[in-house]
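K.L.:
Test case, fold it:
(one chain, ligands or ions: 2)
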Amino acid sequence: MVELLSVAQAVDLVLGYAGHFGTEHVPLAEASGRILQQSVHAERDQPPYDRVMMDGVAYRYGAGAVLGCHGVQRAGIPARPLPDGATCLDVMTGAVLPEGADTVVPVERLIRDGKHVHFEAGYEPQKGQFVHLKGSDCEAGHELLNPGLRLNGPALAVLAGNGYPTVEVSKVPSIGIVATGDELVDVVTAVQSWEIRRSNEYALTGALASRGFTRLERSVVPDDLAETMLALEKQLARHEVLILSGGVSMGQFDHVPKALTKLGVERVFHKVAQRPGKPLWFGVGPEGQRVFGLPGNPVSATCCATRYVIPMLLAGQGVSRPETYSVKLDADAARVSTLTRYLPVRVLHDASGQAWATPYPMPTSGDFSFLAATDGFVELAPGDVAASAGSHAVFHGW
Ligand SMILES: Nc1nc2c(c(=O)[nH]1)N[C@H]1C(S)=C(S)[C@@H](COP(=O)(O)OP(=O)(O)OC[C@H]3O[C@@H](n4cnc5c(N)ncnc54)[C@H](O)[C@@H]3O)O[C@H]1N2
Ligand code: MOO
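P.N.:
Ligands and ions are numbered 1, 2, ... in the order given. As a prediction, the model looks like this:
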């Protein structure tokens with residue numbers, strides 16, 4: 001018997017074909033969720049000037065307990081000098097610290113008497129208080145963001161705050177999702193007792209779109225070799241990545257591997273030592289298209305998308321942070337002696353921050369009605385001894 005490829009071997013093969021989807025420049029307002037592909041540097045010192053942090057007065061520390069106050073330093077104007085004969089200026093939060101001043105006293109601590117102010121009884125300012133010093137947040141030229149980051153609100157703020165109106169990000173690949181199976185009907189069509197509704201393409205759409213892969217086209221092919229070939233030829237011409245579901249096991253109408261091979265898609269592997277998802281097929285098209293033949297059973301398709309398709313797409317975009325993390329099992333979990341097991345779990349964090357995974361075993365890979373109660377799966381290496389409660393496992397989120 002030919003030994004099956006291990007999960008690690010199969011993942012390595014898939015990632016070896018990840019390549020790079022290229023980059024493009026997009027306006028900042030459209031960059032949310034995209035993957036940064038440039039270094040971002042501080043345009044200037046931050047803050048760019050000694051900045052007043054409280055509404056109040058600015059004065060030179062030690063100038064006395066009663067201060068002459070003859071003017072205002074508002075935000076948005078250059079630094080004013082302390083006027084002759086005056087020892088302080090009214091200042092507003094965000095203003096430049098007036099020339100000659102080094103300390104700010106908030107308005108709540110001041111008692112005003114005409115053009116003079118004094119501090120409330122017992123108040124002792126610290127020298128330099130409430131002044132946000134130039135360059136104390138970061139220095140001009142400092143690298144603030146690195147390639148591979150998914151742009152979130154704080155990252156967009158850094159880009160805006162440092163004068164980047166457009167940003168170089170990874171291109172989003174064009175992805176074709178192809179369902180096969182004569183028993184399948186659309187979500188809007190009346191369904192017969194011998195038919196089932198197609199759902200895998202929506203499981204895939206959810207997983208992809210939530211990670212920013214929104215250039216998706218869904219299509220369907222019947223269980224017929226000639227029609228499968230026609231449809232797949234068209235899809236190969238239109239997309240950089242194809243994700244098929246169904247038609248990859250041993251049935252008489254499982255035409256997908258044959259059709260792909262005939263179309264010049266080179267098989268990289270077929271079948272992996274895993275449950276669910278053993279019949280997984282992966283190949284590379286004549287133009288470098290990455291083609292996944294996911295097993296049709298819904299839990300298999302979802303697990304294989306999570307373990308192979310998403311990591312390949314993220315690698316192809318140059319994403320730097322892994323999505324997986326370590327959890328502790330909160331119950332014993334049986335292994336499969338010769339296969340890696342993907343066990344659906346729900347993850348909760350306890351008060352100490354520890355992530356605990358509660359197993360939700362699905363009786364078969366066709367049982368997906370309760371999969372939405374889970375957050376992802378833990379991966380259990382092949383073996384005969386159960387993984388015990390309290391032991392660590394790697395978690396992959398849906
Ligand atoms: N003799 C063997 N039979 C099977 C084997 C095997 O090794 N030897 N492997 C089994 C395993 S494991 C799986 S998983 C399935 C995979 O089969 P296919 O990829 O060929 O998928 P289909 O037969 O087309 O469908 C399987 C199952 O999934 C349902 N399905 C398919 N597409 C969708 C969709 N888009 N949405 C919802 N459900 C879908 C389909 O109706 C079937 O019930 O093969 C085993 N057989
Ligand atoms: O592994 Mo299939 O992928 O279980 O039903």
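K.L.:
buried set for stretch 44-53?
P.N.:
Residues of stretch 44-53 classed as buried: R44, D45, Q46, P47, Y49, D50, R51, V52, M53 (neighbour count, 16 or more other Cβ atoms under 10 Å). C-beta here means a position set from N, CA and C on the backbone, and glycine is covered the same way.
K.L.:
What is the end-to-end distance of that stretch?
P.N.:
Using Cα to Cα, to the nearest Å, the end-to-end distance of stretch 44-53 comes to 19 Å.
K.L.:
hmm, who's touching it?
P.N.:
For stretch 44-53, contacts defined as Cβ atoms under 8 Å, 6 or more residues apart in numbering pick out 58, 73, 75, 79, 91-97, 104, 130-140, 161-162.
K.L.:
Next: stretch 226-239.
P.N.:
Residues contacting stretch 226-239 (Cβ under 8 Å, 6+ apart): 173-176, 178, 180, 217, 219, 221-222, 242, 244, 247, 255-256, 259-260, 262-263, 265, 285-287, 289, 291.
K.L.:
Next to ligand 1 in this structure, residues from the stretch 101-250 of the chain, please.
P.N.:
Selection of the stretch 101-250 of the chain residues close to ligand 1 by Cβ under 6 Å from any ligand atom yields 179-181, 183-184, 196, 198-201, 245-250.
K.L.:
how's the protein carved up into domains?
P.N.:
7-22+172-316, 25-41+143-170, 51-132, 324-397 (automatic domain parsing).
K.L.:
Make JSON lines out of the ones you listed and add mean pLDDT.
P.N.:
Listed next are the domains of the chain as JSON lines, based on pLDDT from 0 to 100:
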{"stretch": "domain 7-22+172-316", "mean pLDDT": "95"}
{"stretch": "domain 25-41+143-170", "mean pLDDT": "98"}
{"stretch": "domain 51-132", "mean pLDDT": "94"}
{"stretch": "domain 324-397", "mean pLDDT": "97"}
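K.L.:
ranking those domains by burial, who's on top?
P.N.:
domain 7-22+172-316 (a mean of 19; mean count of other Cβ atoms under 10 Å).
K.L.:
How about that domain and ligand 2, any contact?
P.N.:
Yes - using Cβ under 6 Å from any ligand atom, domain 7-22+172-316 reaches ligand 2 at R275, P276, G277, K278, P295, N297, S300.
K.L.:
picking up where we left off before, out of the residues of the stretch 101-250 of the chain next to ligand 1, name the ones that lie in helices.
P.N.:
N200, E201 (DSSP state H).
K.L.:
Could you pick out which of the residues of the stretch 101-250 of the chain next to ligand 1 are located in strands?
P.N.:
A179, T180, L184, I196, S245 (DSSP state E).
K.L.:
Would you confirm that A179 contacts Y202?
P.N.:
No - under the criterion of Cβ atoms under 8 Å, A179 makes no contact with Y202, lying 10.0 Å away.
K.L.:
how about the helices in the stretch 151-300 of the chain?
P.N.:
Assigned by DSSP state H, counting those that start in this stretch, the helices in the stretch 151-300 of the chain fall at 153-161, 200-209, 225-238, 256-262, 298-304.
K.L.:
and of those, who's closest to L144?
P.N.:
helix 153-161 (5.2 Å; Cβ to Cβ).
K.L.:
Point out the other helices and strands that that closest one packs with.
P.N.:
strand 143-145 (3 or more Cβ pairs under 8 Å, 6 or more residues apart in numbering; DSSP states H and E).
K.L.:
what's the strand it packs on packed up against?
P.N.:
strand 40-41, helix 153-161.
K.L.:
Contact partners for V169?
P.N.:
So V169 contacts T23, E24, H25, V26, A31, R34, I35, L36, Q37, L151 (Cβ under 8 Å, 6+ apart).
K.L.:
Tell me the bridge partners for it.
P.N.:
E24, L36 (DSSP bridges).
K.L.:
Which of the contacts of stretch 44-53 fall within helices?
P.N.:
Using DSSP H, G161 are the members of those that sit in helices.
K.L.:
Show me what residue of the stretch 201-350 of the chain gets nearest to ligand 1.
P.N.:
Using Cβ to the nearest ligand atom, G296 is the residue of the stretch 201-350 of the chain that sits closest to ligand 1, at 2.6 Å.
K.L.:
quick one: that residue and S245 touch, right?
P.N.:
Yes - judged on Cβ under 8 Å, G296 makes contact with S245 at a distance of 5.4 Å.
K.L.:
so what's in contact with these two at the same time?
P.N.:
T180, N200.
K.L.:
where's the closest residue to G19 other than its chain neighbours relative to H142, distance?
P.N.:
Computed as Cβ to Cβ, 6 or more residues apart in numbering, the closest residue to G19 that is not its neighbour in sequence is G316, at 5.8 Å. Separation of G316 from H142 (Cβ to Cβ, to the nearest Å) stands at 29 Å.
K.L.:
Show residues contacting the longest strand along the chain.
P.N.:
If you go by DSSP E, the chain has its longest strand at strand 340-349. Residues outside strand 340-349 that contact it (Cβ under 8 Å, 6+ apart): 6-7, 273-277, 299, 303, 307, 327, 329, 333-335, 355-362, 371, 373-382, 395-396.
K.L.:
so of those, which ones are in helices?
P.N.:
Per DSSP H, these map to helices at V7, V299, C303.
K.L.:
which residue sits closest to V187 in space, ignoring its chain neighbours?
P.N.:
Among residues not flanking V187 along the chain, R197 sits closest, at 5.8 Å (Cβ to Cβ, 6+ apart).
K.L.:
quick one: V7 from H349, how far?
P.N.:
Distance from V7 to H349, by Cβ to Cβ: 27 Å.
K.L.:
make that K127, sorry
P.N.:
On the measure of Cβ to Cβ, K127 and H349 end up 44 Å apart.
K.L.:
before we move on, what about S391?
P.N.:
Distance from S391 to H349, by Cβ to Cβ: 17 Å.
K.L.:
picking up where we left off before, now the longest strand of the chain - C-alpha only, CSV.
P.N.:
Taking Å, rounded to 0.1, in the frame of the first residue of the first chain, the C-alpha atoms of strand 340-349 are listed here in CSV:
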residue,chain,number,x,y,z
THR,A,340,-4.2,13.5,11.6
ARG,A,341,-7.5,14.4,13.2
TYR,A,342,-9.2,17.7,12.8
LEU,A,343,-11.5,18.0,15.8
PRO,A,344,-14.0,21.0,15.8
VAL,A,345,-13.8,22.9,19.1
ARG,A,346,-15.3,26.0,20.7
VAL,A,347,-12.6,28.2,22.4
LEU,A,348,-13.1,30.2,25.5
HIS,A,349,-10.5,32.2,27.4
